[in-house]
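Chemist: coords below, sequence missing:
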DNA sequence: TCTCATTACTGAACCGGTTTAGGAGAAGAA
DNA sequence: TTCTTCTCCTAAACCGGTTCAGTAATGAGA
């Protein structure tokens, strides 16, 4: 009688009644479950063809309810519109989709209430795990979690981060090899793990290379107390102005990140100083756009995409292994990217910053000849356009 | 006997047996469904307290299966790691989370097979609607869809996009008001709707303002055939070199987008030309980072975040209204953003491009005095730092 | 005392899959 | 012929909610 009611999408039941088979059989064949060994090829094909013909698609909720799995994870980021989180997400996505997972994104914008609430909402949505990007975690979660550039070490949570010590070393080594001795520094925002480890790396490298770190030339970025929030170049701009105001000589700036480096470059230019001829500036991160600046920014690249991939891999393996943790911390290698904002220091050139420079001679090293000259003077370090 | 077995999370059944009530009653109270009017306050409180105490959380899949709704939508973007899509997503997210929705993201990287496959996968995941960002749609979908900067108009799909004609007009008006007459143009990639409408806007504005568009000074960005793919500044760089190679005079460039504008600025600088003093350059989009360049890029801002919000609003309203379409096209207002890459043209200054400029005099308008001078010379147009 | 309405709740179907234990029928063995 | 063994398939429980029709108990009204 009701063999084919008017119903909408094909269900397992409608498909099986069309085939004059039980739902069990059809389900078994369609999922190619172990029991399918007992079904002859002919029947299998008949089922598969009918499924195709009636465009049968298993209801996701019913399936997930039964399997108690939704193949979904949550990604919590501070801010989506910046390049940082989206580069990481891009890596996460690659790894996830490859394995049949999807992901929810939520951005908390540094708001503590949302940092508290979103993980709960995600878990209510039955995510099987959570990736925390640059986000502090207060309580342990009831699902596996992996953090990227985690602000604190939480028991049972794997942290994926760049090897900050190594990155800081690379930056310092580059600057020092170029002959710089009087170096200014931007430390990161207080309360972030990156700040601590990166700064330690700078100090270690400095002492190893015989460089003195002057407190007057060391400024801290101040945005936000426990959490960075969106970093802005303005911070770097103001800090650089402060640096200039000290009247102290320096020929290079090692900035905590690219954003502050960009602001600093701008401040130097506005003050009539040339970058890199008067002051070399090196950033950290290699954000999208660092290569388009004038001068193109020398920096230490964080392999953000790769970090996302690793985080996703880790999370998935913890999901299938029932949450067992391997390493607690996974470091990825930073990469020195030499562009145009750094060049060799002629020691005697180290500018006295209180002097108003000759503005007419302001030039950015953008002209090919100048660049060639700079490059030729650097025997070891490769200068890429 | 089995009042409280060892089970894991609290289910509706375990909660109701603990309360010695039926699951129906508990469900009614917890969801505050209409039938809850008939339940006395005392019982309600007892239920709510017990739910709290036992930390009851409704199983998402069971609930969705029953309601036939998952409060989830899908977002399809070409590329996540760029700033474009993530700015839009940020707006989408705002609107969605506010209304209790979450979203899946998938990026197809311009691959036709993925453009075909991902919508299906999303629909299999029971999304209630799809937002297509800058993505061509071949077949109509079985769920409501909204496109942003849609490449073609698909029946039943609302398209949200910037008013390209207006944006082009703003750019042209700005350039022409500054006195420029010999203007070069970058047209967008072929096959994109933005290209067509934006170019039409430029032509209309030009004819309205009595500006002649010279074919020799009009170049098309070439990446990808039917789809842009990730745009790169290299395209703009090469096009600008070509422009220079023509030997034709021009004092301004109106670029299709910021990325190509950035490349062009770089090419001009590398060729010993000053921006904006020798050539004014205006972009389109106002991508993240356009404000950090030297010179900071003048451009026409697309309110990407707002576009995301609107798309989400539209989609949700179509979901609740059962897919009825209101307007077929929604345009948002572009905004002229004047920074430093454009300045007034002194007609007689229009450079002869084949001449190798005086490189020592290369200067970028970065010095405050120069900027002041430029600003002072512009009576109508406000120059922002 | 009987009817009727109201109050406070419940039984059971339903959403649409998965899975396990088992059964009908045919073939082979005794 | 009867028992056993396969082969092929199914009944029914289950996942964990939502919801509708209905019912027992109480009180009011006639």
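Modeler: Yes, it's here. Values in this document were obtained by computation on a predicted structure and should not be read as measured data. Numbering: from 1, shown residues only, chains lettered A, B, ... in the order given.
Chemist: low pLDDT regions in chain A?
Modeler: In the predicted model, chain A carries pLDDT under 70 at residues A:1-7, A:223-230, A:323, A:346-385.
Chemist: and with 50 instead?
Modeler: A:1-5, A:224-228, A:349-385 (pLDDT under 50).
Chemist: Alongside DNA strand D, which residues does it contribute?
Modeler: Residues of chain A lying near DNA strand D by C-beta under 7 Å from any atom of the strand: A:20-25, A:28, A:35, A:38-40, A:43, A:62, A:65-66, A:68. The way it works is simple: take the backbone N, C-alpha and C, and place the C-beta from them, glycine included.
Chemist: Among these, which one sits closest to residue A:92?
Modeler: Nearest to residue A:92 among the residues of chain A next to DNA strand D is residue A:68, at 23.3 Å by C-beta to C-beta.
Chemist: what about stretch A:26-34, start to end distance?
Modeler: Using C-alpha to C-alpha, to the nearest Å, the end-to-end distance of stretch A:26-34 comes out at 13 Å.
Chemist: Quickly check: that stretch near DNA strand C or not.
Modeler: Yes: contact of stretch A:26-34 with DNA strand C (C-beta under 7 Å from any atom of the strand) involves A:27-28, A:30-31, A:33.
Chemist: Now render the residues you listed as a markdown table, adding distance to residue A:124, neighbour count and secondary structure.
Modeler: Shown next, in a markdown table, are the residues of stretch A:26-34 next to DNA strand C (distance: C-beta to C-beta, whole Å; neighbours: other C-beta atoms under 10 Å in any protein chain shown; DSSP: H, G, I helix; E, B strand; the rest coil):
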| residue | distance to residue A:124 | neighbour count | secondary structure |
| --- | --- | --- | --- |
| A:27 | 28 | 19 | helix |
| A:28 | 32 | 19 | helix |
| A:30 | 30 | 17 | helix |
| A:31 | 27 | 13 | coil |
| A:33 | 30 | 10 | coil |
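Chemist: Out of these, which is nearest to residue A:266?
Modeler: The shortest gap between residue A:266 and any of the residues of stretch A:26-34 next to DNA strand C belongs to residue A:31, at 59.3 Å (C-beta to C-beta).
Chemist: Distance of that closest one relative to residue A:163?
Modeler: Counting by C-beta to C-beta, to the nearest Å, the gap from residue A:31 to residue A:163 is 44 Å.
Chemist: do residue A:8 as well
Modeler: Distance of residue A:8 to residue A:163, computed by C-beta to C-beta: 55 Å.
Chemist: higher neighbour count, these two?
Modeler: Set residue A:8 next to residue A:163 and count neighbours by other C-beta atoms under 10 Å in any protein chain shown: residue A:163 wins out with 18 against 7.
Chemist: I'd guessed the more buried one sits against residue A:333; true?
Modeler: Yes: counting by C-beta atoms under 8 Å, residue A:163 touches residue A:333, with 6.1 Å between them.
Chemist: what's in contact with stretch A:115-131?
Modeler: Stretch A:115-131 has contacts (C-beta atoms under 8 Å, 6 or more residues apart in numbering or on different chains) with A:64, A:69-76, A:92, A:101, A:103-104, A:106, A:108, A:135-138, A:141-148, A:308, A:311-312, A:315-316, A:318-319, B:57-61, B:102.
Chemist: picking that back up, what subset of the residues of chain A next to DNA strand D is buried?
Modeler: Taking 16 or more other C-beta atoms under 10 Å in any protein chain shown as the criterion, what is buried in these is A:21, A:25, A:28, A:39, A:62, A:65.
Chemist: And the second one, which helix or strand is it part of?
Modeler: I take that to be residue A:25. Element membership of residue A:25 [criterion: DSSP states H and E] is helix A:23-30.
Chemist: Determine whether any part of that helix lies close to chain B.
Modeler: No: Helix A:23-30 does not reach chain B (C-beta under 8 Å from any C-beta of the partner chain); its nearest approach is 13.2 Å.
Chemist: the helices in chain A, which residues?
Modeler: Using DSSP state H, the helices of chain A run over residues A:12-19, A:23-30, A:41-53, A:60-67, A:83-98, A:112-124, A:164-177, A:193-209, A:233-246, A:258-270, A:304-320, A:368-376.
Chemist: which bits of the stretch 51-200 of chain A sit near chain B?
Modeler: For the stretch 51-200 of chain A, the contact set with chain B under C-beta under 8 Å from any C-beta comprises A:57-62, A:64-65, A:70, A:72, A:79-83, A:85-87, A:89-90, A:93, A:97, A:102-107, A:121, A:123-126.
Chemist: Swap in 7 Å and give it another go.
Modeler: Contact residues (C-beta under 7 Å from any C-beta of the partner chain) of the stretch 51-200 of chain A with chain B: A:57, A:60-62, A:64-65, A:70, A:80-81, A:83, A:86-87, A:89-90, A:93, A:97, A:102-107, A:124-126.
Chemist: need the contact list for the nearest residue to residue A:260 once chain neighbours are set aside.
Modeler: In this structure, residue A:260 finds its nearest non-sequential neighbour in residue A:236, 3.2 Å apart by C-beta to C-beta, 6 or more residues apart in numbering or on different chains. Contact analysis of residue A:236 by C-beta atoms under 7 Å, 6 or more residues apart in numbering or on different chains lists A:186, A:255, A:259-264.
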